[in-house]
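# Got a sequence here, can you model it:
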Amino acid sequence: MSQKVLVVEDDINIAELLRLYLEKDGFEVKIAHDGGEGLKLAESEQPDLVLLDIMLPVLDGWQVCRRLRKTTKTPIIMLTAKGETEDKVSGLEMGADDYIVKPFEVKELLARVHAVLRRTGEEAPAQGKKLTFDKLVINLDSYELIVDGKKIDTPPKEMELLYHLAATPNRVYTRNQLLDEVWGFDYFGDSRTVDVHIKRLREKLEGVSDKWSLKTVWGVGYKFEAEET
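I've put the predicted structure just below:
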């Protein structure tokens, strides 16, 4: 069962960005755009963790944090554009479990989410990131690629790209989607990066099985084509 994260953030763009990456990481996400709504959702949804902005309408993050701590031990990570030491201290003294300053990298925030959940004993057991097809095993937990029974040395980013494509067989991804979802939204490379990695993966996988393949969808992007099971 997915863990639930409540995002209390009045900036719609930031809230939706967080939703995108948290859901991609396997979390169920609820969003509130003001402190009052955040308190109500915290009570009704019983989230496993709260991402709480400080500058909120109706009730600010300090008030929300203080009220939550009267009734629950749910982990709280404070989000704010302020970086002053006294703000960090205030948040932690009120019972927040961590604090991150905007603008932040989503990968860092996700790492903090997992760290806080582990520290508070709320982290769900890992499901394992291992995909198996005919003569192919993609194990992202150990970063091992097994092709026709043999371990093939594969750079981490190639592994992540192959896993991302194979995790949703037959779905077509544009180059920009792959840059965003595999390399990260803050990556400043160009789409040729994807082409180069696909070419290297094909050299490792070409002709191994007729039940799956890395396909180019001309004018669009790439997909991992596999027979329906």
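# So for Gly83, what's the pLDDT?
If you check Gly83, the pLDDT there is 60.
# Could you tell me how many residues sit around Asp141?
One way to gauge burial is a neighbour count; for Asp141, by other C-beta atoms under 10 Å, it gives 10. For the C-beta atoms, the positions are set from N, CA and C on the backbone; glycine is no exception.
# so it makes contact with Leu131?
No - with contacts defined as C-beta atoms under 8 Å, Asp141 does not count as touching Leu131, sitting 10.9 Å away.
# Residues that sit against both of these two, list them.
Between them, Asp141 and Leu131 share no contacting residue under C-beta atoms under 8 Å, 6 or more residues apart in numbering.
# where do the helices sit along the protein?
For the chain, helices defined by DSSP state H occupy the ranges 12-24, 35-45, 61-71, 85-93, 106-119, 156-166, 175-178, 192-205.
# could those be laid out in TSV, adding mean neighbour count?
Rendered in TSV, the data for these read as follows (neighbours: other C-beta atoms under 10 Å):
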stretch	mean neighbour count
helix 12-24	16
helix 35-45	18
helix 61-71	18
helix 85-93	14
helix 106-119	15
helix 156-166	19
helix 175-178	16
helix 192-205	15
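# Distance to Leu136 added to those helices, as a markdown table?
As requested, the helices of the chain are arranged in a markdown table below (distance: least, C-beta to C-beta, whole Å):
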| stretch | distance to Leu136 |
| --- | --- |
| helix 12-24 | 23 |
| helix 35-45 | 39 |
| helix 61-71 | 47 |
| helix 85-93 | 47 |
| helix 106-119 | 27 |
| helix 156-166 | 8 |
| helix 175-178 | 19 |
| helix 192-205 | 7 |
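# Lowest average pLDDT across these?
Taking the mean pLDDT of each of the helices of the chain, the lowest value is held by helix 85-93, a mean of 63.
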